[in-house]
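Q: Need a 3D model of the following:
(chains A and B)
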2 protein chains.
Amino acid sequence: MGKLIIKEKILSKNSDMAKQLRNKFKNTLVLNFVSSPGSGKTSILERVLVMLKDKYKLAVIEGDQQTSNDADRIEATGVRAFQVNTGGSCHLEASDVERGIAELGLDLDLLIIENVGNLVCTAAFDLGEDAKIIVLSTTEGEDKPIKYPTMFRVGTAFIINKTDLLPYVDFDIEKCIEYAKGVKPDLDVIKTSCKTGEGLQELARYIEKMIQIKKG
Amino acid sequence: MGKLIIKEKILSKNSDMAKQLRNKFKNTLVLNFVSSPGSGKTSILERVLVMLKDKYKLAVIEGDQQTSNDADRIEATGVRAFQVNTGGSCHLEASDVERGIAELGLDLDLLIIENVGNLVCTAAFDLGEDAKIIVLSTTEGEDKPIKYPTMFRVGTAFIINKTDLLPYVDFDIEKCIEYAKGVKPDLDVIKTSCKTGEGLQELARYIEKMIQIKKG
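A: Numbering: from 1, shown residues only, chains lettered A, B, ... in the order given. Modelled structure (predicted):
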């Protein structure tokens, strides 16, 4: 069997399960956070979820190859989290989300999925989410949107994190946004820093607006 | 056919081809550079290869999902480079290296493979290399060695890059080294910065020593 055919079979099985998940997520906004390792996804979530947790029912599914560090950090904020250890796999699949909601339940306004740090394979696996939120930090180089265009094509919002480091790194933020919009013109861009707090309230409001749209 | 069996078949075919490559690399030191996207692999290579290029015959195989940016940067230093665009794939495979050496030839003292930015799948695919060199930047969080232990287990050297940013980030470098050595006690650690130049000559000497060992 050719590699491409194998890949298509895996993807098509995942896609079927993602469709079933999407049917279950009628009243739950599901956001799939994707990035390279170390871009600051967990730090952003720690800060933004506390802004939302008293108003909405939230939970987080954390994907990592190993450790429960990220789920522990989220739970320390008072938000429930379920850790998936993917072992040899570089992305979460719909079946991982299925396991997560079996634990967390579906009585949720917002389910955040923090995917494994990877900008390639995570783009291909539908997890039943409403939107993929891409996080890139200012230390990673402004050319990432054109190096990993598949991810940017399937993204809804693009968070440029660690803006506090801009004075110390060679990162042309306007060029980066131009590259990203070249790949996906209607991408929403939010600049954030967990050090200075820049953009975190804007991101919380952005998510809140999506929750309200989802609930109709 | 189960997913695990499919994966094993792909890996075993790759492994056979890697063995054939290793037989061809009798007089060529082959280093497989792995990291997250944006850790600074290309910048390190730009600086270190110019230190070696007048003394040794060098070439680079560059892996990226899209663009030839990295190969263009390497060629600007006067070192030959071959770009592989992996499209949907998050790692290089032995067949990509085979294509690379068909272009670059085997009359080389040193072949550098700059893998796709990914800390999971790149660990599983043998490219016929002598050693995997892991690059992590100080902006990525010190817990990466325990989050991605498979990679650290198969690595020979561990470069901690962007030390110039240490004053501005929360990164406990000693803790990071401790985590890495916990996974692989004999990992060689080199701290580098392309801004201050820290560690780059040390890295060049380290590679030079490996070339000499390989040549016997």
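
Q: chain center to stretch A:135-153, what's the gap?
A: 14 Å (CA atoms, centre = their mean, to the nearest Å).

Q: List the buried residues of it.
A: Going by neighbour count (16 or more other CB atoms under 10 Å in any protein chain shown), the buried part of stretch A:135-153 is A:135-152. From N, CA and C alone the C-beta is placed, and that goes for glycine too.

Q: Ok, stretch A:168-183 next?
A: A:168-169, A:171, A:176-177, A:179-180, A:183.

Q: Kindly report the same for stretch A:93-113.
A: Buried residues in stretch A:93-113, defined by neighbour count with 16+ other CB under 10 Å: A:93-94, A:96-98, A:100-101, A:104, A:108-113.

Q: can you dump the C-alpha coordinates of it into PDB?
A: Presented in PDB, the C-alpha positions along stretch A:93-113 are these (Å, rounded to 0.1, in the frame of the first residue of the first chain):
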ATOM      1  CA  GLU A  93      -6.300  13.300  16.700                       C
ATOM      2  CA  ALA A  94     -10.100  13.400  17.000                       C
ATOM      3  CA  SER A  95      -9.900  10.200  19.100                       C
ATOM      4  CA  ASP A  96      -7.800  12.100  21.700                       C
ATOM      5  CA  VAL A  97     -10.500  14.700  22.000                       C
ATOM      6  CA  GLU A  98     -13.100  12.000  22.300                       C
ATOM      7  CA  ARG A  99     -11.200  10.700  25.300                       C
ATOM      8  CA  GLY A 100     -11.000  14.200  26.700                       C
ATOM      9  CA  ILE A 101     -14.700  14.900  26.600                       C
ATOM     10  CA  ALA A 102     -15.400  11.500  28.100                       C
ATOM     11  CA  GLU A 103     -13.600  12.800  31.200                       C
ATOM     12  CA  LEU A 104     -14.600  16.500  31.000                       C
ATOM     13  CA  GLY A 105     -18.200  16.200  29.800                       C
ATOM     14  CA  LEU A 106     -20.000  18.400  27.400                       C
ATOM     15  CA  ASP A 107     -21.600  20.900  29.700                       C
ATOM     16  CA  LEU A 108     -19.100  23.600  28.500                       C
ATOM     17  CA  ASP A 109     -19.300  27.000  26.900                       C
ATOM     18  CA  LEU A 110     -15.700  26.800  25.800                       C
ATOM     19  CA  LEU A 111     -13.300  23.900  25.200                       C
ATOM     20  CA  ILE A 112      -9.700  24.800  24.500                       C
ATOM     21  CA  ILE A 113      -7.500  22.200  22.900                       C
END
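
Q: so for it, what's the average pLDDT?
A: Computed over stretch A:93-113, the mean pLDDT rounds to 97.

Q: any idea which helix or strand carries the residue nearest the centre of chain A?
A: Nearest residue to the geometric centre of chain A (CA atoms, centre = their mean): residue A:33, 0.4 Å. Using DSSP states H and E, residue A:33 sits within strand A:29-35.

Q: Return the distance of that strand from the chain's centre.
A: 3 Å.

Q: Show residues contacting the helix or strand bottoming out on mean pLDDT in chain A.
A: Sorting the helices and strands of chain A by mean pLDDT, DSSP states H and E puts helix A:3-24 at the bottom, at a mean of 87. Applying CB atoms under 8 Å, 6 or more residues apart in numbering or on different chains, the contact partners of helix A:3-24 are A:30, A:93-95, A:97-98, A:101, A:106, A:124-128, B:1, B:3, B:6, B:10, B:88.
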